[in-house]
Every structure is written in C-alpha cells, then in structure tokens.
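[1] Got a predicted structure plus its sequence, pasted below:
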Amino acid sequence: MVGETVITVVGNLTDDPELRLTPSGDTVAHFTVASTPRTFDRQSNEWRDAETLFLRCSVWRQEAEHAAESLTRGTRVIVQGRLRQRTYETREGERRTVIELEADEIGPSLRFAAVTITKPPHTGVPAGSRGGPRPPAEDPFTRPDGGERPVPAEGGRHAPREETEPF
C-alpha cells in the first residue's frame, strides 16, 4: 500500500515462532527478532554491541506455517514487512501502544548457515496472499518438461547459456 512504512530487519529469533489459529480460521505465527547493531571502535581496536532492538513480528497463513516448521530459537533471519502501531487496554485499564512488524517475507540468513529449500505441494492460495487466490507463479528456471529455460539476452530475446567462471 502507498505510504506504508516498509522495513527490513536482520537479527536472531528469541524463541520458536508461536503458531495460532484465529477465530476466522486464519493461521498466524508470532515471534520476536533481536537485532543488535555492532560498531568498530578504532581506539580499542574491537567490536562493540549497541543497544538491542527487540521487535515483535507476525506472519500470516501458509507463510506462518512454513515459519513455524522451519525456524527455531536463535536462527538468524531476515524479515521484511510493514510497521503497524496497535493500541490496547490492559486488564488494569491502562492504555498501551506497541509497534509491531507485519512480515511480508521471512527467511533464514545464509551468512552463517546453509539451508535446504523444499517446496511444499501447491494448496491453491499462495503464501502471503491478502487479496484472494492468484494463479501459481511459473518457476522461471524450469520448463514443464523439466529442462532448463534459456537465459533471456538483452532486448528480451533468448540466447544460449554461457559458462562463466565463479567470482
């Protein structure tokens, strides 16, 4: 949506994602990301941790189920989403306001870990869908017969794939 604040946070999960079912039947996972910025102190020649930001996050529907199955406490994650401000009243009658991150995308950071990607079977509603069902996205790397697609050259025409040295 126009005018929404979109941010990306990199940090560690403070606990396993908590999976819940809403009264309307939607699945939601809640988790907290701890992000600690580090700076290098040239005088002491060592790294220093700044104050940790603890950001409560939520992710919905199939993506919530994937997060709960895949991520555990301590996992370094990259979360992108929209900040939401919510006001509520405590049992004692005090009004409180919190800022939370409604995640659009979440995944493990590959900086310090390796993961194996598995695609679950298609269920009809893409993860993160907020506007109803959409047609499934075509995998850009394979053809229906299982072969590789040629890489588009400049101007949109297909050119043969060139072998290059890794960088």
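    Received, thanks.

[2] remind me which residues of this structure are low pLDDT?
    1, 122-167 (pLDDT under 70).

[3] Surely residue 66 is in a helix?
    Yes. According to DSSP: H, G, I helix; E, B strand; the rest coil, residue 66 belongs to a helix.

[4] what residues are up against the nearest residue to residue 74 once chain neighbours are set aside?
    Excluding the flanking residues, the one nearest residue 74 by C-beta to C-beta, 6 or more residues apart in numbering is residue 12, at 5.7 Å. For every residue, glycine as well, the C-beta is placed using N, CA and C. Counting by C-beta atoms under 8 Å, 6 or more residues apart in numbering, residue 12 touches 33-35, 74-77.

[5] count of residues packed around the residue nearest to residue 48 when sequence neighbours are not counted?
    Nearest residue to residue 48, sequence neighbours excluded (C-beta to C-beta, 6+ apart): residue 41, at 5.1 Å. Applying other C-beta atoms under 10 Å, we find 9 other residues in the vicinity of residue 41.

[6] partners of residue 41 in the sheet?
    Assessed by DSSP bridges, residue 41 has beta-bridge partners residue 46.

[7] Who are the packing partners of the host helix or strand of residue 107?
    Following DSSP states H and E, one finds residue 107 within strand 95-108. Applying 3 or more C-beta pairs under 8 Å, 6 or more residues apart in numbering; DSSP states H and E, one finds that strand 95-108 contacts strand 6-13, strand 53-60, helix 61-70, strand 76-89.

[8] Serialize those to TSV and add fields for distance to residue 27.
    Shown next, in TSV, are the helices and strands packed on strand 95-108 (distance: least, C-beta to C-beta, whole Å):
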stretch	distance to residue 27
strand 6-13	18
strand 53-60	7
helix 61-70	5
strand 76-89	17
